[in-house]
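Student: here is the input, now give the coordinates:
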Amino acid sequence: MIHAAAGGVGTIAVQLALAWGATVIGTASERNHDYLRSLGAIPVSYGDALRASVHIVENKYRIGTIVSFDIVEQLGVRSIRSQRSAARLAELYDLYAQGKLNVHIRKTFTLPHAADAHREVEIGHNRGKVVLSVE
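Tutor: The predicted model follows:
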């Protein structure tokens with residue numbers, strides 16, 4: 001189960017999990033359910049996501065969060081943080097080249113409009129990534 005599966009990080013997580021052979025259930029608002037289906041996930045509506053998950057998964061260590069670090073120990077789940085490396089980037093590129101990973105670009109800004117890009121990100125709850133072009 002991937003919570004906030006239609007968001008920027010969630011979309012990538014859904015695609016990676018599917019590429020690695022998982023069946024993916026993704027939480028999202030109703031307006032994003034068709035989008036999740038198009039990715040190959042089974043959509044469900046939001047709830048008290050992380051807290052609900054610990055009651056439906058036998059091994060809590062299989063649950064991870066990229067945002068709720070304040071309750072990780074309390075719930076007995078993992079915090080997931082970025083693990084950047086050349087090998088990881090190569091793996092992501094290979095998945096992209098195979099058509100198994102697609103990055104949805106919401107909007108692109110040039111460097112002189114970086115403040116506008118930041119404001120776009122701050123509004124949140126929109127699908128896709130905001131790109132800052134530094135050509």
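Student: next, the buried residues of stretch 118-135.
Tutor: Across stretch 118-135, burial judged by 16 or more other CB atoms under 10 Å covers 129, 130. (C-beta placed from N, C-alpha, C; glycine too.)
Student: average pLDDT across it?
Tutor: Stretch 118-135 carries an average pLDDT of 87.
Student: contacting residues around it?
Tutor: Here stretch 118-135 makes contact (CB atoms under 8 Å, 6 or more residues apart in numbering) with 6-8, 11, 32, 35, 103-111, 114, 117.
Student: what do you get if the cut-off is 7 Å, keeping everything else the same?
Tutor: Residues outside stretch 118-135 that contact it (CB atoms under 7 Å, 6 or more residues apart in numbering): 6, 8, 32, 35, 103-111, 114, 117.
Student: stretch 91-108 now?
Tutor: Contacts with stretch 91-108, where a contact means CB under 7 Å, 6+ apart, come from 11, 15, 19, 120, 126, 127, 128, 129, 130, 131, 133.
Student: okay, buried residues for it please.
Tutor: Across stretch 91-108, burial judged by 16+ other CB under 10 Å covers 92, 95, 101.
Student: poorly predicted segments of the chain, please.
Tutor: Applying pLDDT under 70 to the chain flags the ranges 125.
Student: please, where are all the helices along it?
Tutor: For the chain, the helices defined by DSSP state H cover 8-19, 33-39, 49-53, 72-75, 86-97, 114-123.
Student: wait, which of these is closest to residue 26?
Tutor: helix 33-39 (4.7 Å; CB to CB).
Student: send me that closest one as PDB with only the CA atoms.
Tutor: C-alpha atoms of helix 33-39 as PDB (Å, rounded to 0.1, in the frame of the first residue of the first chain):
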ATOM      1  CA  HIS A  33      -8.400   7.200  -8.800                       C
ATOM      2  CA  ASP A  34      -8.400   7.000 -12.600                       C
ATOM      3  CA  TYR A  35      -4.900   8.200 -12.700                       C
ATOM      4  CA  LEU A  36      -3.800   5.500 -10.300                       C
ATOM      5  CA  ARG A  37      -5.600   2.900 -12.400                       C
ATOM      6  CA  SER A  38      -3.700   4.200 -15.400                       C
ATOM      7  CA  LEU A  39      -0.400   3.500 -13.500                       C
END
